[in-house]
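Q: pasted the sequence and its predicted model underneath.
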Amino acid sequence: MLTVREAAAVVRELRENRGWTQTALAEKAMVSRSFVADVEAGKSSVEASKLFDLFQALDFEIALRSLTTQEVRW
């Protein structure tokens with residue numbers, strides 16, 4: 001199960017692997033730089049829809065997987 005802290009680490013890793021600043025990612029995702037900083041800090045009160053915007057800007061999408069059946073839903 002992905003925690004907020006784990007999501008924060010993934011966002012930071014993907015951003016850094018692309019050589020992007022927080023500002024560059026924020027511009028691509030159309031969110032504020034402070035939002036990116038909050039996500040990367042693991043702040044638990046971030047807005048989920050904006051978190052999805054970050055992953056989309058990084059060319060990733062979120063899928064739901066059943067813990068019991070392993071069925072994946074988009």
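A: The structure has been received and is ready for your questions. Residues are numbered from 1 along each chain as shown.
Q: output the longest helix anywhere in the chain as PDB, restricted to C-alpha atoms.
A: If you go by DSSP state H, the chain has its longest helix at helix 4-17. Taking Å, rounded to 0.1, in the frame of the first residue of the first chain, the C-alpha atoms of helix 4-17 are listed here in PDB:
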ATOM      1  CA  VAL A   4       1.800   9.700   1.600                       C
ATOM      2  CA  ARG A   5       5.500   9.500   2.500                       C
ATOM      3  CA  GLU A   6       6.200   6.900  -0.100                       C
ATOM      4  CA  ALA A   7       4.300   9.000  -2.800                       C
ATOM      5  CA  ALA A   8       6.400  12.000  -1.700                       C
ATOM      6  CA  ALA A   9       9.600  10.000  -2.300                       C
ATOM      7  CA  VAL A  10       8.400   8.800  -5.700                       C
ATOM      8  CA  VAL A  11       7.500  12.300  -6.900                       C
ATOM      9  CA  ARG A  12      10.800  13.700  -5.800                       C
ATOM     10  CA  GLU A  13      12.700  10.800  -7.400                       C
ATOM     11  CA  LEU A  14      10.800  11.100 -10.700                       C
ATOM     12  CA  ARG A  15      11.300  14.900 -10.800                       C
ATOM     13  CA  GLU A  16      15.000  14.700 -10.000                       C
ATOM     14  CA  ASN A  17      15.500  11.900 -12.600                       C
END
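Q: now it, how far from the centre of its chain.
A: 7 Å (C-alpha atoms, centre = their mean, to the nearest Å).
Q: identify each buried residue in whichever helix or strand comes after that helix, please.
A: From helix 4-17 onward toward the C-terminus, using DSSP states H and E, the following helix or strand is helix 22-29. For helix 22-29, a neighbour-count test (16 or more other C-beta atoms under 10 Å) marks 22, 25-26, 28-29 as buried. All C-beta atoms are positioned from the backbone trio N, CA, C, and that covers glycine.
Q: out of the residues you listed, which comes closest to Val10?
A: Nearest to Val10, judged by C-beta to C-beta, of the buried residues of helix 22-29 is Leu25 at 12.5 Å.
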